[in-house]
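> Below are the sequence and a predicted model for it; my questions follow.
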Amino acid sequence: MSAPQDPIHEMISSLKQQRDELKLKMHLAEAEAKDEFEAATDKLDKLTEEYDPLKEAVAECTENVVESMKLVADEVLTSFDRIRKAL
């Protein structure tokens with residue numbers, strides 16, 4: 001005759017099994033999250049590397065455009081002044 005199963009023992013065994021399964025899943029999720037974090041960090045580094053030179057080029061270009069616009073604005077102002085004097 002076999003001894004009756006201890007319900008507390010079964011419950012504890014089930015909880016331990018669930019704990020072990022969760023621990024494994026957490027470990028795998030941790031590794032997956034770490035991989036995703038590293039991939040995102042690599043993308044951020046690449047974005048930064050691409051942005052810095054672009055930022056400098058845009059700044060130079062913007063400066064040139066602004067200077068050109070100032071020259072044209074000065075020419076228009078000079079023309080307006082000549083028209084005022086002629087009137």
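Cool, the structure landed. None of the values given here were measured: they were computed from a predicted structure.
> So for S2, what pLDDT did the model give?
S2 is assigned 52 on the pLDDT scale.
> again, but for E50
Predicted confidence (pLDDT) for E50: 87.
> which SS class is it?
helix (DSSP: H, G, I helix; E, B strand; the rest coil).
> same question, D74
D74 - assigned by three-state DSSP - is helix.
> Neighbours of it, how many?
When neighbours are defined as other Cβ atoms under 10 Å, D74 has 10 of them. (Glycine included, C-beta is placed from N, CA and C.)
> what's the spacing between it and D81?
Computed with Cβ to Cβ, to the nearest Å, the distance linking D74 and D81 is 10 Å.
> Kindly report the same for P7.
Counting by Cβ to Cβ, the gap from P7 to D81 is 101 Å.
> and K25, how many neighbours?
By other Cβ under 10 Å, 10 other residues sit near K25.
> which regions of this structure lie under the pLDDT threshold?
Within the chain, the set of residues satisfying pLDDT under 70 comprises 1-4.
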